[in-house]
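Visitor: Need the 3D shape of this:
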Amino acid sequence: MFAPLSRAIPVLAVVTATASAQVTVPPDTITTVVDGDSLPHFGAVGGVMVDGLGYVYHANFRNTVWRFTPGVGVEPHADGLYGASGNAIGPHGELYQSSFTGNYVSRIARDGSATVIADSGVAGPVGIAVGDDGALFVCACNANAIVRIAPGGAVSTLASGPLFACPNGITRDDLGDLYVVNFSNTTVVRITPDGTASAFADIAGSGGNGHITFARNGFYVTKFRGHQVYRLERDGSSRVIAGTGTRGHTDGPALEAMLTQPNGIAWSAATRELWINELVSGNGVAGGAARSLLRRIRIVTVADVIAAAPPGPESVASAYRAYQAARPHDLVAGEAIAAAYAMFTPARAADALAIFELAANDHPDDANAQYHLGEAYRFTGQGEKAAAQFRRVLALQSGHSNAKARLAMVEGG
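Guide: Below is the predicted model:
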């Protein structure tokens, strides 16, 4: 939520972009951050998670969860586990951690101390998602089921059946549905809050899937045996966003880089990066020596391209259109809106308004995009346009309380 400005910002006429071809949209890039070759106990690969402070957690499918601190390094965070596999961050920064071999789930406090919260009814736990009420949804790979762990620790089966083939990764979207990827096939399963499971998508390619995370109005999925990372859209379509499909280890442009058995995956909204771990060598199940990597994939967003453009409404609009042309499936309204607010100063009000208008025009059914264009008109003293936008928001979403309040404000002068 953005605070209203104390006075209207004068704005110049908005110019439509015509020179998007002159703007270069750089590729996503992948970088190796931690190479376990120099850390004998870094282990194999379980889940990866990023918390609100930017710490990155790597579960090593052995005894330990490691924590990477940006700019500092990596160190053991929690020990004494039994096959540390999938994980999730809770609302207070706690880490929920599955122990695949021990068939239990633990809560790991910020200081690294672990408490078992469920040790029965979870056969081969892997991926974890956290519900609004504090319940956990856990992939029980060995039971081909998704179980629910209530805040008090009671375990019940949410969904099971032939759709599940060693469910491995799980995430929750912004509508409250769960999405599960299987380790033993390429199916992605959607589960509604009442426990109804249905096939959502099939991510073609060799081998089963690793883990899945929801970010940027879609999903990212690791293909463990296929040595790639995919972007999965809400309509079920998918495409490769990292890895050539040939096993190896090279950094650089994401589609030219080589990956080896990527497994865990997590999104860092603060840095616009995906974090993955990879099993480069060794056996990930039976113990013994293993070498794993922690890598990050820097996702180039429309905000990056807009921020790099010279000042001027035509320039920033050209940057927006260039990104849209080069990466139409990656154009997220919220990222364009954030970029517009970042430049919303008296000197660049026209630049910001150009982006607000483009985002609203390209996402006509997105109440959020329409609302923020209304706010931009309100901030720049264009009351009639602002009122029209807020009415449009209410036509899309009648219960939008902020739009109701803003409409009353501008209509009241």
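
Visitor: In contact with residue 410, which residues?
Guide: 378, 383, 386-387, 390 (CB atoms under 8 Å, 6 or more residues apart in numbering). No exception for glycine: its C-beta is placed from N, CA and C like everyone else's.

Visitor: how does it look with 7 Å?
Guide: 378, 383, 386-387 (CB atoms under 7 Å, 6 or more residues apart in numbering).

Visitor: and the residues you listed, which of them are in helices?
Guide: Per DSSP state H, helices hold the following members of the contacts of residue 410: 378, 383, 386-387.

Visitor: Could you list everything the residue most central in space within the chain pairs with in the sheet?
Guide: Centroid-nearest residue in the chain: residue 215, 2.6 Å away (criterion: CA atoms, centre = their mean). Beta-bridge pairing for residue 215 (DSSP bridges): residue 218.

Visitor: For the chain, give me the ranges with low pLDDT.
Guide: 1-21, 284-287 (pLDDT under 70).

Visitor: make it 90
Guide: Residues of the chain meeting the criterion pLDDT under 90: 1-23, 38, 40, 204-208, 282-289, 329, 412-413.

Visitor: all helices for it, in order.
Guide: 302-308, 313-326, 333-342, 349-362, 367-379, 383-396, 401-411.

Visitor: out of these, nearest to residue 145?
Guide: Closest to residue 145 of the helices of the chain is helix 333-342 (CB to CB; 34.3 Å).

Visitor: contact partners of the closest one?
Guide: So helix 333-342 is contacted by 2, 301-303, 306-307, 320, 352, 355-356, 358-359, 363, 366, 368-369, 372 (CB under 7 Å, 6+ apart).

Visitor: picking that back up, tabulate the helices of the chain in JSON lines, adding columns for distance to residue 154.
Guide: Shown next, in JSON lines, are the helices of the chain (distance: least, CB to CB, whole Å):
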{"stretch": "helix 302-308", "distance to residue 154": "43"}
{"stretch": "helix 313-326", "distance to residue 154": "48"}
{"stretch": "helix 333-342", "distance to residue 154": "37"}
{"stretch": "helix 349-362", "distance to residue 154": "45"}
{"stretch": "helix 367-379", "distance to residue 154": "37"}
{"stretch": "helix 383-396", "distance to residue 154": "40"}
{"stretch": "helix 401-411", "distance to residue 154": "36"}
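
Visitor: Figure out which of those helices is closest to residue 123.
Guide: Nearest of these to residue 123, taken as CB to CB: helix 333-342 at 38.7 Å.

Visitor: Could I have the CA atoms of the closest one written out in PDB?
Guide: Output of helix 333-342 as PDB, limited to C-alpha atoms (Å, rounded to 0.1, in the frame of the first residue of the first chain):
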ATOM      1  CA  ALA A 333       1.600  -6.100 -14.100                       C
ATOM      2  CA  GLY A 334       2.700  -5.800 -10.400                       C
ATOM      3  CA  GLU A 335       6.300  -5.500 -11.500                       C
ATOM      4  CA  ALA A 336       5.500  -2.700 -13.900                       C
ATOM      5  CA  ILE A 337       3.500  -0.900 -11.300                       C
ATOM      6  CA  ALA A 338       6.300  -1.200  -8.800                       C
ATOM      7  CA  ALA A 339       8.700   0.300 -11.400                       C
ATOM      8  CA  ALA A 340       6.300   3.200 -11.900                       C
ATOM      9  CA  TYR A 341       6.000   4.000  -8.200                       C
ATOM     10  CA  ALA A 342       9.800   3.900  -7.900                       C
END
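
Visitor: Now do the buried residues in stretch 135-154.
Guide: Buried positions in stretch 135-154, judged by neighbour count with 16 or more other CB atoms under 10 Å: 135-141, 143-149.

Visitor: That one spans what distance, first to last residue?
Guide: End-to-end distance of stretch 135-154: 10 Å, with CA to CA, to the nearest Å as the criterion.

Visitor: ok now that stretch, how far from the chain's centre?
Guide: 22 Å (CA atoms, centre = their mean, to the nearest Å).

Visitor: Also stretch 316-331?
Guide: Put simply, stretch 316-331 sits 20 Å off its chain's centre (CA atoms, centre = their mean).

Visitor: Same question for stretch 235-254.
Guide: The answer for stretch 235-254 is 17 Å, by CA atoms, centre = their mean.

Visitor: Next: stretch 361-376.
Guide: 22 Å.

Visitor: With only the CA atoms kept, save it in CSV.
Guide: Extracted in CSV, the C-alpha atoms of stretch 361-376 (Å, rounded to 0.1, in the frame of the first residue of the first chain):
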residue,chain,number,x,y,z
ASN,A,361,-4.2,-1.1,-20.8
ASP,A,362,-2.5,-4.5,-21.1
HIS,A,363,-4.2,-6.0,-18.1
PRO,A,364,-7.8,-4.7,-18.5
ASP,A,365,-9.3,-7.3,-16.1
ASP,A,366,-6.7,-6.8,-13.4
ALA,A,367,-8.3,-4.7,-10.7
ASN,A,368,-5.0,-4.0,-9.1
ALA,A,369,-3.6,-2.4,-12.3
GLN,A,370,-6.7,-0.4,-12.8
TYR,A,371,-6.7,0.8,-9.2
HIS,A,372,-3.1,2.1,-9.3
LEU,A,373,-3.7,3.9,-12.5
GLY,A,374,-6.6,5.6,-10.7
GLU,A,375,-4.1,6.5,-7.9
ALA,A,376,-1.7,7.9,-10.4
